Structures are given as C-alpha cells and as structure tokens.
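Peer 1: Test case, fold it:
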Amino acid sequence: ADARKLLLAEEKIKELERFVEELKPAQTLFEKLQLTHRATRLENQSLQMKEETANKKMLDLTKTIHEQAEQIKNLKDDQEKSMVGARKLSLAEEKIKELTKRSTEELKSLQLMLENSRANNRASISEQQRLE
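Peer 2: Sure thing, here's the model as predicted:
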C-alpha cells in the first residue's frame, strides 16, 4: 500500500512538473504583453506631447497671421493718408505677404502633423485596447 501511495505521489509530482512546463510559454507571453503595454503607454504620452506642441504652434501661427493682417490693414490706411511713404509701404507689404505665406505654409504643415499624430494616437490606443 505504501508503494502504491509513493507511486501515486511520484505521478502527481511529474504531472505538476509538466503543468509548470506548460505554463512557461504563457508566462513569457504575459511578460511580453506587459512590456508591449508599457511601450504603448509611453508612445501615447509622446504622441500627446507632440500634439500639444503642434496645437500651441498652430495657435501661435494663427495669432501671427492675424497680427500680420492687422499690420497690412494699418499700412494700407497709412498709405491712403500719405503717398510719400508709398515705396516703403510696398516693400513692407511684400515682406508681410511673404511672412504670411510662410506662416500659412507652416500652419498647414503643422495641421498635417497634428492629423498624423492623432491618427497614430488612435491607432496606438486601438492596438493597446486590442492587446488588453
């Protein structure tokens, strides 16, 4: 009877050892998922910071464009009052137009970056949710 109990105990130990071996791939997968989750969270934080930076730049550029438009309006008003500074005014208007053009191009570029950042963020969040 004792030999039978010992044999059963040895079989149980072997069964438990096989079970532990079967769990090792699951543990490795779980650790990989934890690392992926952590990396995704860090990437989302980075994307959010980039989006906030792009938003601030867009606001700054919008403010600059409005200021430049106001300057153009003021310069045109001055031009109507005095033709003496017409040449100077024309050069200033060209410079303001160029600055406005560059600011508008940069604003469009930032809007595209922001759209891409938002798309990446959505994709990253979807991936994170899928992994969870």
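
Peer 1: the helices in this structure, which residues?
Peer 2: 2-81, 86-131 (DSSP state H).

Peer 1: where does the chain dip in pLDDT?
Peer 2: 83-86, 89 (pLDDT under 70).

Peer 1: So which residue is dead centre in it?
Peer 2: Compute the mean C-alpha point of the chain, and by C-alpha atoms, centre = their mean the closest residue is residue 47, 2.1 Å away.

Peer 1: list the contacts for that residue?
Peer 2: Counting by C-beta atoms under 8 Å, 6 or more residues apart in numbering, residue 47 touches 117, 120, 121, 124. Quick note: C-beta positions are derived from backbone N, CA and C, even for glycine.

Peer 1: Specify which member of those is nearest to residue 42.
Peer 2: Within the contacts of residue 47, the smallest distance to residue 42 is 10.2 Å, found for residue 124 (C-beta to C-beta).

Peer 1: correct me, but that closest one touches residue 40?
Peer 2: Yes. Counting by C-beta atoms under 8 Å, residue 124 does reach residue 40; the two are 5.8 Å apart.

Peer 1: circling back to that earlier point, which one of the contacts of residue 47 has the most neighbours?
Peer 2: The residue in the contacts of residue 47 with the most neighbours, by other C-beta atoms under 10 Å, is residue 117 (21 neighbours).

Peer 1: Give me the number of neighbouring residues for the nearest residue to that one once chain neighbours are set aside.
Peer 2: With C-beta to C-beta, 6 or more residues apart in numbering as the criterion, residue 117 has its nearest non-adjacent residue at 4.8 Å, and that residue is residue 51. Using other C-beta under 10 Å, residue 51 has 18 neighbouring residues.

Peer 1: can you check residue 109 too?
Peer 2: Neighbour number of residue 109 under other C-beta under 10 Å is 13.

Peer 1: The closest residue to residue 47 other than its chain neighbours: what's it in contact with?
Peer 2: Leaving aside its sequence neighbours, residue 47 sits nearest to residue 121 (C-beta to C-beta, 6+ apart; 4.4 Å). Contacts for residue 121 (C-beta under 8 Å, 6+ apart) come out as 44, 47, 48, 51.
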